[in-house]
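**Student:** Sharing a model that was predicted from the sequence below.
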Amino acid sequence: MEVGFLGLGIMGKAMSMNLLKNGFKVTVWNRTLSKCDEVVAHGASVGETPAEVVKKCNITIAILSDPAAALSVVFDKDGVLDQICSGKGYIDMSTVDPETSCKISEAIALKGGHFLEAPVSGSKQPAETGQLVILAAGDKALYEEAVPAFDVLGKKSFFLGPVGNGAKMKLVVNMIMGSVMNAFSEGLTLAKRSGLNPHSLLDVLDLGGIANPMFRGKGPEMVKDNYSPAFPLKHQQKDMRLALALGDQNAVSMPVAAAANEAFKKARSMGLGDLDFSAVYETVKLLKHSS
Ligand SMILES: NC(=O)C1=CN([C@@H]2O[C@H](COP(=O)(O)OP(=O)(O)OC[C@H]3O[C@@H](n4cnc5c(N)ncnc54)[C@H](OP(=O)(O)O)[C@@H]3O)[C@@H](O)[C@H]2O)C=CC1
Ligand SMILES: O=CC(=O)O
């Protein structure tokens with residue numbers, strides 16, 4: 001199977017390498033072209049523009065930073081829309097809002113093409129090991145066609161119905177994740193400030209009802225102040241912002257998520273946006289004792 005791949009950031013690089021390793025022919029494009037070198041060394045071809053990739057491949061996958069990037073790659077000059085047509089599919093795996101997905105879907109449908117949104121849950125390591133959870137919605141026939149690729153990229157894929165449902169599911173999941181990360185940061189800080197060993201807290205958490213892979217994976221690194229990026233904090237803040245907008249539209253009061261968003265914004269203002277989202281811990285550590 002031949003697929004196009006747009007966007008070779010943390011996720012796109014790992015995912016395209018995984019497709020190559022599993023026998024797919026892959027043609028890649030990245031805005032910063034030099035980032036294609038490593039995947040090319042592993043057998044990928046390069047397209048000069050998104051349009052060139054779509055022209056060559058019947059299915060093109062994208063995973064880009066945010067709504068602005070997702071829209072730019074489709075609508076700008078030499079973008080996806082230039083070459084999408086009947087018989088071709090476009091799968092956007094970026095985390096965006098439902099409105100962005102619907103806009104892309106409608107434009108592609110007008111050209112006779114097929115569209116699937118398929119944001120993913122899971123981070124750098126699950127992307128490398130093919131353990132993502134894929135949250136697809138849109139064109140069911142394109143979903144069926146993409147299953148061999150999804151089977152390589154993920155441990156499970158869901159088809160959630162009409163376009164927008166994948167984006168919504170992803171935003172709900174990441175809203176919970178961002179809120180939990182803030183509570184975890186407060187807990188680690190409280191443990192340390194009150195004289196407890198934070199490693200003991202991690203051990204206790206891991207044996208109880210709220211044990212989870214995020215505490216297990218990020219906790220020991222946070223204690224060492226290591227925030228090497230797997231999921232960049234600027235993207236987590238974007239997800240909180242988009243989830244809060246979804247809350248506005250549905251009149252859902254989300255004070256916990258709103259507070260978590262403020263903490264991520266604070267972290268960005270401290271220059272931590274390119275670090276892992278666990279660096280929000282630094283904003284809690286910053287707060288002074290009252291006594
Ligand atoms: N990292 C993670 O753990 C996860 C991330 N996600 C989501 O996946 C998406 C990608 O994340 P990740 O790989 O971490 O992000 P990165 O920041 O590592 O990569 C972003 C990618 O988007 C490209 N890009 C940014 N702006 C534009 C633009 N205007 N036009 C064209 N390309 C653009 C970048 O190109 P360039 O190299 O030129 O800058 C790069 O290829 C995001 O939506 C994120 O929320 C979802 C699950 C997990
Ligand atoms: O979007 C991030 C993730 O870890 O999932």
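**Tutor:** Yes, it's here. Ligands and ions are numbered 1, 2, ... in the order given.
**Student:** Now do the buried residues in the one helix or strand N182 maps to.
**Tutor:** Using DSSP states H and E, N182 sits in helix 165-193. For helix 165-193, burial by neighbour count (16 or more other CB atoms under 10 Å) applies to 165-175, 177-182, 184-185, 187-189, 191. Heads up, the C-betas are built off the backbone N, CA and C, glycines and all.
**Student:** neighbours around the residue of the stretch 51-200 of the chain found nearest ligand 2, how many?
**Tutor:** Closest approach between the stretch 51-200 of the chain and ligand 2, counting by CB to the nearest ligand atom: S123, at 3.8 Å. Neighbourhood size, S123 [other CB atoms under 10 Å]: 23.
**Student:** Tell me how far it lies from A279.
**Tutor:** According to CB to CB, to the nearest Å, S123 and A279 sit 14 Å apart.
**Student:** if we can go back for a sec, what mean pLDDT does the helix holding N182 get?
**Tutor:** On average, the pLDDT along helix 165-193 is 98.
**Student:** just checking, what packs against it?
**Tutor:** Judged by 3 or more CB pairs under 8 Å, 6 or more residues apart in numbering; DSSP states H and E, the packing partners of helix 165-193 are helix 98-110, strand 120-121, strand 132-138, helix 198-206, helix 213-223, helix 233-249, helix 255-269, helix 281-286.
**Student:** How about the residues of the stretch 101-250 of the chain by ligand 2?
**Tutor:** For the stretch 101-250 of the chain, the residues in contact with ligand 2 (CB under 6 Å from any ligand atom) are 121-123, 174, 231.
**Student:** Please repeat the previous calculation with a cut-off of 5 Å.
**Tutor:** Proximity of the stretch 101-250 of the chain to ligand 2, by CB under 5 Å from any ligand atom, involves residues 121, 123, 231.
**Student:** excluding its backbone neighbours, what's nearest the first one?
**Tutor:** Leaving out its chain neighbours, the residue that sits closest to S121 by CB to CB, 6 or more residues apart in numbering is V133, at 4.2 Å.
**Student:** pretty sure that neighbour is in contact with G154, am I right?
**Tutor:** Yes: with contact defined as CB atoms under 8 Å, V133 reaches G154; the gap is 6.0 Å.
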